[in-house]
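Visitor: only the shape, not the letters, is given here:
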DNA sequence: TCATTTGATAGAATTTTTCTATCAATATCC
DNA sequence: GGATATTGATAGAAAAATTCTATCAAATGA
């Protein structure tokens, strides 16, 4: 029964019988039969079919919702019993928005010191992807904006506030300023993340609110790419202050990281985890770690 | 998997492999094998054995806790999907303390008017039994004291306050009084519930607090027995006011129902249901009904 | 001591699950 | 428009699991 619910979960993720089957490690007929059995057990069609997957019926959506909960609880149960015997062991899957990736270390390092047998997989994701994958049990926790879009059913722990700096060449325009306004920033050609990233949308909104049309010369979904460009001192960018610091950009001789004021914009970044009580032991320990370090990061 | 968890649940209830198997509708070797499989899957012993059932291990208790949740959610899922197709159908299992049994009707009657296809099973139970059976998913809801003993993980809806009346023969002592004190009540020979009932303990505490030794001439765990005795007018009793009214005792020519004051004692009675979100549709509808009628009953 | 209770075990029968192979229907591409 | 690819259903065989009956050994208790 629980395995059938996992089939349904996979089908919801992949929206494709074949790929869902592969994800579950069974053949496609097995998965098809499993879904059929669920439908027979409930006496209701769960999936709209027509030579291919066409989404779930209303009943299917409800069952999917329950399946998430039941499968999640089952995994948590297994993990908890395992932890009772072997201590905290396993793999924690965390997704973070690109600008928060460099901050993941502040969580994982003390976590690992406490629980040396836990392994990590960290994904770079957009904020909306994080919430979707949290729902689907594809990740255990996320690091994302807490105060912008609706979060849904999650536990959240505020970690720090994202404030913005203009990164420019030490010999470039504005380089001698102690602070700059968003209006001034809007005049400079910038390297930013692509528009599917919330960080980009936040910065772009701030720039547009000055009434001007910003010049986004280069955009990418990869922080490494932005980093390598900015580091040359030949490209300018707007980055969260903390990120610039942890990338070492503020110590560069060729760069200046100038606080941007007017308006002094900031957004809260925090840890999000499924709002299930009790959580899996691995996730609970991560949330505990977050609550522990939050006072050191928040101002 | 889920069926194995049901085995474990039954074993927790019955504390006996054979009876648990019977309760699950399987043979004893099947249930034994099921539990063994769970133990193998977790790699941990769940049950302390020694020629007979000797309770659960620490890990077993944790798994039992999860099993309650997972099995409960699975049932809720089935019920919800069924309700989507056929409307609210099924059987609602409610337990009530004896003194609240007569009040069950105020819930079931409007419920049935709204959902004519729902059937009911009502059990008479002590308050502690109600909480235990709620935990074990043996009942869907209970009607019991809300403000005395700790309730545990439940949703509760206060319904009414229990106040006490002395029932005496119209030609007996105290019969002409508009109100009596507990001290006066303590002088009268009484018929009460047995001491395993919280109502008896409450009344006995109130009587003892007067400093005297009450005379409990007759006790029974059956309200019908108390009712038949009291109705003759030859026996006295202390009963919740509402109960006396709904049994018609206050309209009797041979009886007087006299408010007891000093102290004016009262205890809240309410509906309790498992604190699971979301609840099964049947239970959710019952809680909704309770919230609807509560304002009409509470003062 | 002897009968009873309790749960484990063995072996057979049955049911369920899963796989491979194939098909029909639709979508896509040239 | 017709060839090709994709998608999910279906049939039948093989494999795995579940469940039953029958029996046993240990512990209990009268």
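Guide: Right, received. Where do you want to start? What you see is a predicted model; the values in this text were computed from it and never measured.

Visitor: now residue A:218. Nearest residue, chain neighbours left out?
Guide: For residue A:218, ignoring the flanking residues on the chain, the nearest one in space by CB to CB, 6 or more residues apart in numbering or on different chains is residue A:191 at 4.3 Å. C-betas here are computed from N, CA, C, even on glycine.

Visitor: the longest strand in chain A is where?
Guide: Secondary structure of chain A read by DSSP state E shows that its longest strand is strand A:154-169.

Visitor: contacting residues for whichever residue of the stretch 51-200 of chain A sits closest to DNA strand D?
Guide: Scanning the stretch 51-200 of chain A for the residue nearest DNA strand D gives residue A:53, at 3.1 Å (criterion: CB to the nearest atom of the strand). Applying CB atoms under 8 Å, 6 or more residues apart in numbering or on different chains, we find residue A:53 in contact with A:11, A:15, A:16, A:17, A:47.

Visitor: of those residues, which belong to helices?
Guide: A:11, A:17 (DSSP state H).

Visitor: compute the first-to-last residue distance for stretch A:186-206.
Guide: Across stretch A:186-206, the straight-line distance between its terminal residues is 9 Å, by CA to CA, to the nearest Å.

Visitor: oh, I was asking about stretch A:171-180
Guide: According to CA to CA, stretch A:171-180 extends 16 Å from its N-terminal end residue to its C-terminal end residue.

Visitor: what residues sit buried inside it?
Guide: By 16 or more other CB atoms under 10 Å in any protein chain shown, the buried positions in stretch A:171-180 come out as A:172, A:174, A:175, A:180.

Visitor: ok now that stretch, how far from the chain's centre?
Guide: 33 Å (CA atoms, centre = their mean, to the nearest Å).

Visitor: now do stretch A:240-257
Guide: Shown here is stretch A:240-257, whose average C-alpha point lies 23 Å from the average C-alpha point of the whole chain (CA atoms, centre = their mean).

Visitor: also stretch A:125-137?
Guide: Taking CA atoms, centre = their mean, one finds the center of stretch A:125-137 at 6 Å from the center of the full chain.

Visitor: go on, stretch A:99-116?
Guide: The gap between where stretch A:99-116 is centred and where its chain is centred comes out at 15 Å by CA atoms, centre = their mean.

Visitor: do the same with stretch A:284-299
Guide: 17 Å.

Visitor: same deal with stretch A:23-42?
Guide: So, by CA atoms, centre = their mean, the centroid of stretch A:23-42 is 31 Å from its chain's centroid.

Visitor: for the stretch 51-200 of chain A, which residues are neighbours of DNA strand D?
Guide: Counting by CB under 7 Å from any atom of the strand, the positions of the stretch 51-200 of chain A adjacent to DNA strand D are A:51, A:52, A:53.

Visitor: dump those residues into TSV; add secondary structure and pLDDT as well.
Guide: Rendered in TSV, the data for these read as follows (DSSP: H, G, I helix; E, B strand; the rest coil; pLDDT from 0 to 100):
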residue	secondary structure	pLDDT
A:51	coil	71
A:52	coil	79
A:53	strand	82
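
Visitor: can you give me the angle the helix ranked longest in chain A makes with helix B:58-86?
Guide: Once chain A is assigned using DSSP H, the helix that runs over the most residues is helix A:58-86. Orientation note: helix A:58-86 sits at an angle of 180 degrees relative to helix B:58-86 (axes from the mean of the first three to the mean of the last three CA atoms, to 10 degrees).

Visitor: list the buried residues in helix A:58-86.
Guide: Along helix A:58-86, the positions that meet the burial threshold by neighbour count (16+ other CB under 10 Å) are A:59-60, A:62-64, A:66-74, A:76-84.

Visitor: please name every helix or strand in contact with it.
Guide: On a contact count with 3 or more CB pairs under 8 Å, 6 or more residues apart in numbering or on different chains; DSSP states H and E, helix A:58-86 meets helix A:2-14, helix A:28-42, helix A:281-297, helix B:28-42, helix B:58-86.

Visitor: after the longest one, which helix or strand is next?
Guide: When you say that, I think you mean helix B:58-86. In the C-terminal direction, the helix or strand that comes right after helix B:58-86 (DSSP states H and E) is strand B:90-96.

Visitor: now that next one: how far from the chain's centre is it?
Guide: Distance of strand B:90-96 from the chain centroid (CA atoms, centre = their mean) equals 11 Å.

Visitor: leaving aside the residues adjacent along the chain, what's closest to residue A:200?
Guide: Looking at residue A:200 with CB to CB, 6+ apart, the closest residue is residue A:193, at 4.3 Å.

Visitor: sorry, back to before: ok, which of the helices and strands packed on helix A:58-86 comes nearest residue B:274?
Guide: helix B:58-86 (6.7 Å; CB to CB).

Visitor: the closest one near DNA strand C anywhere?
Guide: No: using CB under 7 Å from any atom of the strand, helix B:58-86 never reaches DNA strand C; the gap is at least 12.3 Å.

Visitor: tell me the angle that helix makes with helix A:28-42.
Guide: In this structure, helix B:58-86 runs at an angle of 70 degrees to helix A:28-42, with the same axes, to 10 degrees as the basis.

Visitor: follow-up on the earlier one: any chance of the buried residues of stretch A:171-180 in CSV, plus secondary structure, distance to DNA strand C and pLDDT?
Guide: Converted to CSV, the buried residues of stretch A:171-180 look like this (DSSP: H, G, I helix; E, B strand; the rest coil; distance: CB to the nearest atom of the strand, whole Å; pLDDT from 0 to 100):
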residue, secondary structure, distance to DNA strand C, pLDDT
A:172, coil, 47, 74
A:174, coil, 49, 78
A:175, coil, 50, 77
A:180, strand, 49, 88
